[in-house]
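> Kindly generate the corresponding structure for this input.
(one chain, ligands or ions: 1)
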Amino acid sequence: MNDKYTISIVGGSGALGSGLAFRLARSGHNVLIGSRSRERAEACAQELNQKIGGTNIVGVTNLEAAQQGEIVFLTVPYGNHGDTLNEIKDHVSGKIVVDVTVPLVPPRVARVTLPPNGSAAVTTQVTLGESVRVVSAFHNVAAVHLHDVDHVHECDVLVFGNDKEARSVVVDLADQMGLKAWHGGSIDNSVMGESLTPVLIFINKHYGVNGAGLRITGRPAA
Ligand SMILES: NC(=O)c1ccc[n+]([C@@H]2O[C@H](COP(=O)([O-])OP(=O)(O)OC[C@H]3O[C@@H](n4cnc5c(N)ncnc54)[C@H](OP(=O)(O)O)[C@@H]3O)[C@@H](O)[C@H]2O)c1
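The predicted structure is shown next:
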């Protein structure tokens, strides 16, 4: 793989997906915004291109995004996670799929709710199969901060997945977006990243924080 990718974002018209698209495109990657509506995707792409002063974001359907991306991000609400996985399943074999899904169940979004098989990311790995290198990450990053070009990120990113090389690709992408990312281990560990988000949402509400985050202390050995 090159270090400049074609990166698709299924559900990319939303808050987190468009924030990731903005940061990835600013880092020089070609980005495909996926949506159920081509018009919505194109409008989102146009707005982000104007913000960046570039042309490297294109709006497509979710299906085209899954087909054309070298790396495919999945950024839809948990309630639509299963249906969207089934839609992209036949088009992502051999690719890295980056799942940001937090299993929130409205209206109780400040409470941890776990899917039957442990986490959204395990569901993704089981549904897509072992030919897909599923990585889960960005669960704890507030979308509003990704959109703010001047924001200096204080929230670290935990990156989970069974394929170390695929995790490293996502750690590097996060770094390019201005975020400090850490390998967090296998996809089974994703439950921890996913579970921290309702806690952060609770902290946001309780203390009036605009996008609470988390930071890992300690320094890697040289
Ligand atoms: N927002 C955050 O700060 C944040 C932070 C960390 C993790 N996350 C996670 O990231 C994911 C996306 O969050 P978000 O806040 O960006 O969500 P969102 O804005 O509510 O939705 C993202 C996109 O999903 C698509 N969508 C909505 N309903 C759908 C349906 N019924 N079927 C298929 N697609 C549907 C929409 O795209 P189209 O209508 O254009 O198809 C929408 O733009 C969630 O799993 C969330 O838990 C969010």
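> any idea how far residue 25 is from residue 17?
Per CB to CB, to the nearest Å, residue 25 is found 12 Å from residue 17. Where you see a C-beta, it was placed from the backbone N, CA and C, and this is true even at glycine.
> ugh, wrong one, I meant residue 75
Noted for residue 75: a distance of 4 Å to residue 17, by CB to CB.
> residues in this protein within reach of the ligand, list them.
When proximity is defined as CB under 6 Å from any ligand atom, the chain approaches the ligand at 11, 13-17, 35-37, 40, 75-78, 80, 84, 100-102, 104, 138-139, 141-143, 197.
> can you point me to the longest helix in the protein?
helix 190-207 (DSSP state H).
> what about stretch 118-133, start to end distance?
End-to-end distance for stretch 118-133, by CA to CA, to the nearest Å: 18 Å.
> average model confidence for that stretch?
Averaging pLDDT along stretch 118-133 yields 98.
> For that stretch, buried residues please.
118, 119, 120, 121, 122, 123, 124, 125, 127, 128, 132, 133 (16 or more other CB atoms under 10 Å).
> hey, what's the last one bridged with?
Right, the one you point to is residue 133. Here residue 133 sits in beta bridges with residue 96, going by DSSP bridges.
> So that it lines up with my notes, have the first residue be 124 from now on.
Let's use 124 as the start, then, which means that last one is residue 256.
> hang on, it packs against residue 221?
No: applying CB atoms under 8 Å as the test, residue 256 and residue 221 come out as separate, 9.5 Å apart.
> Which residue ranges of the chain form strands?
Under the criterion DSSP state E, the chain carries strands at the ranges 129-133, 153-158, 180-184, 194-197, 219-222, 256-259, 280-284, 304-308.
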